[in-house]
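Novice: Kindly generate the corresponding structure for this input.
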Amino acid sequence: MEKFAIGIDLGCTHIKALLVKEDGSIVKEVRVDTNEHDDQHWKNEVAKIIKDFKQLSHTEIKAIGLSAPGLANADNTCIEYMPGRLPGLENFNWGDFANEKIFVLNDAHAALMAEARFGIAKNLKFVIMLTLGTGVGGGILIDGNLYQGVGQMAGHLGHVTVDALDLNKDVTNMPGSLEDAIGNLSIQKRSKGKFETTWDLVKAYEERDSFATEIWLTAVKKLAASIASFVNILSPELIIIGGGISKAEELLLKPLNEYREQFEWRPGGKHIPVKLAQFSDLAGALGAAGFALSKSN
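Specialist: Purely as a prediction, here's the structure:
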């Protein structure tokens with residue numbers, strides 16, 4: 001009998017869930033509204049999704065994974081720390097609630113696991129992923145395994161300092177962080193109110209607006225310097241860029257690679273490729289399933 005996994009991505013706006021085969025092929029997809037401030041609603045929706053998937057004929061569920069914002073606990077049974085979002089999420093044990101073994105992980109970590117198990121990083125051992133969106137998240141793969149570190153804090157690559165003289169501190173108290181340099185959350189501040197979203201900025205850059213060009217290239221330059229630092233520290237085989245800002249594609253990659261040429265140390269001509277993520281808005285759910293399968297195996 002063919003075996004399946006369930007992956008659920010609990011976001012503040014939507015819950016995305018997948019029933020997948022062990023090779024990552026999607027059998028069924030479900031999307032529902034989260035209703036962020038009604039924890040009974042989204043908890044019950046998750047339980048209902050699991051029940052419905054299990055009731056499909058000819059399916060044996062091998063593993064269940066759930067991704068969400070925040071820091072998972074050491075056992076990956078809950079999100080231990082996530083202040084200010086999804087009230088009721090912190091320390092909520094999903095396995096006890098659903099009477100199932102459920103592996104829980106950070107949503108950016110899940111995005112990396114999607115690529116590592118099923119996508120462009122399949123069969124690679126050392127990989128870095130950056131998710132560029134509202135903020136900047138990330139994940140690190142070491143020897144083929146997700147590296148979560150003590151307190152599951154590893155991979156928060158957006159909270160590296162790229163401008164120590166910038167007195168503005170990010171959510172982790174880091175001055176001049178990469179997240180503030182390129183994340184959508186700071187675009188109005190960086191553009192003095194001219195652009196509401198990074199996509200507006202990128203469109204203006206494409207049209208050769210001089211103000212947009214200065215802002216965009218400054219952000220990309222700081223991203224390149226950060227990547228060069230990560231390369232020096234971790235020496236990966238591949239760097240993956242995902243998240244909404246990655247949809248800029250060549251408008252991001254072309255200047256990024258030009259700056260990388262300036263900054264990166266490449267002994268012996270060593271060059272580490274940067275590629276765009278294969279999976280987009282389903283990465284969290286797919287990665288949660290992949291992570292659960294890896295833990296089950």
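
Novice: what about the helices in the protein?
Specialist: Remark: helices assigned in the chain by DSSP state H are 39-55, 94-98, 107-118, 178-182, 187-190, 198-206, 210-234, 250-263, 283-296.

Novice: So what's the gap between the fourth one and the chain middle?
Specialist: If you compare the mean C-alpha spot of helix 178-182 with that of the full chain, they lie 15 Å apart, counting by Cα atoms, centre = their mean, to the nearest Å.

Novice: Could you give the average pLDDT over that helix?
Specialist: Mean pLDDT, helix 178-182: 97.

Novice: Contact partners for the residue nearest the centre of the chain?
Specialist: Note on the chain: the residue nearest the mean C-alpha position is Ala108, at 2.4 Å, using Cα atoms, centre = their mean. By Cβ atoms under 8 Å, 6 or more residues apart in numbering, the contact set of Ala108 is Met129, Thr131, Gly137, Gly138, Gly139, Gly155. For every residue, glycine as well, the C-beta is placed using N, CA and C.

Novice: just checking, which of the residues you listed belong to strands?
Specialist: Mapping the contacts of Ala108 onto strands (DSSP state E) picks out Met129, Thr131, Gly137, Gly138, Gly139.

Novice: Tell me how far Val231 lies from Trp265.
Specialist: Going from Val231 to Trp265 by Cβ to Cβ, to the nearest Å gives 7 Å.

Novice: Dump the helices of the chain into TSV; add distance to Lys21 as well.
Specialist: Shown next, in TSV, are these (distance: least, Cβ to Cβ, whole Å):
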stretch	distance to Lys21
helix 39-55	13
helix 94-98	22
helix 107-118	10
helix 178-182	36
helix 187-190	39
helix 198-206	34
helix 210-234	32
helix 250-263	32
helix 283-296	10
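
Novice: Which segments of the protein make up each domain?
Specialist: Following automatic domain parsing, the chain resolves into domains at 3-105+281-296, 120-276.

Novice: Could you export the ones you listed as TSV, including distance to Leu112 and mean neighbour count?
Specialist: Listed next are the domains of the chain as TSV, based on distance: least, Cβ to Cβ, whole Å; neighbours: other Cβ atoms under 10 Å:
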stretch	distance to Leu112	mean neighbour count
domain 3-105+281-296	7	19
domain 120-276	3	18
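
Novice: Relative to Ala114, which of these is closest?
Specialist: Minimum separation from Ala114 across these (Cβ to Cβ) falls at domain 3-105+281-296, 3.5 Å.

Novice: Stretch 269-278 spans what distance, first to last residue?
Specialist: 27 Å (Cα to Cα, to the nearest Å).

Novice: before we move on, what about stretch 90-105?
Specialist: Start-to-end, stretch 90-105 (Cα to Cα) is 12 Å.

Novice: and the closest residue to Tyr147 other than its chain neighbours, what does it touch?
Specialist: Take Tyr147 and drop its neighbours on the chain: the residue closest to it by Cβ to Cβ, 6 or more residues apart in numbering is Ile140, 4.5 Å away. Ile140 is in contact with Leu112, Val127, Ile128, Met129, Leu146, Tyr147, Ala154, Gly155, Leu157, Leu234, counting by Cβ under 8 Å, 6+ apart.

Novice: Need those residues in CSV (columns: distance to Ile49 and pLDDT).
Specialist: Shown next, in CSV, are the contacts of Ile140 (distance: Cβ to Cβ, whole Å; pLDDT from 0 to 100):
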residue, distance to Ile49, pLDDT
Leu112, 23, 97
Val127, 29, 98
Ile128, 31, 98
Met129, 26, 97
Leu146, 24, 95
Tyr147, 29, 96
Ala154, 29, 93
Gly155, 27, 92
Leu157, 31, 96
Leu234, 36, 96
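
Novice: Mind putting those into TSV with distance to Leu253?
Specialist: Shown next, in TSV, are the contacts of Ile140 (distance: Cβ to Cβ, whole Å):
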residue	distance to Leu253
Leu112	19
Val127	17
Ile128	16
Met129	15
Leu146	25
Tyr147	26
Ala154	26
Gly155	22
Leu157	18
Leu234	21
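
Novice: Noted, bye for now.
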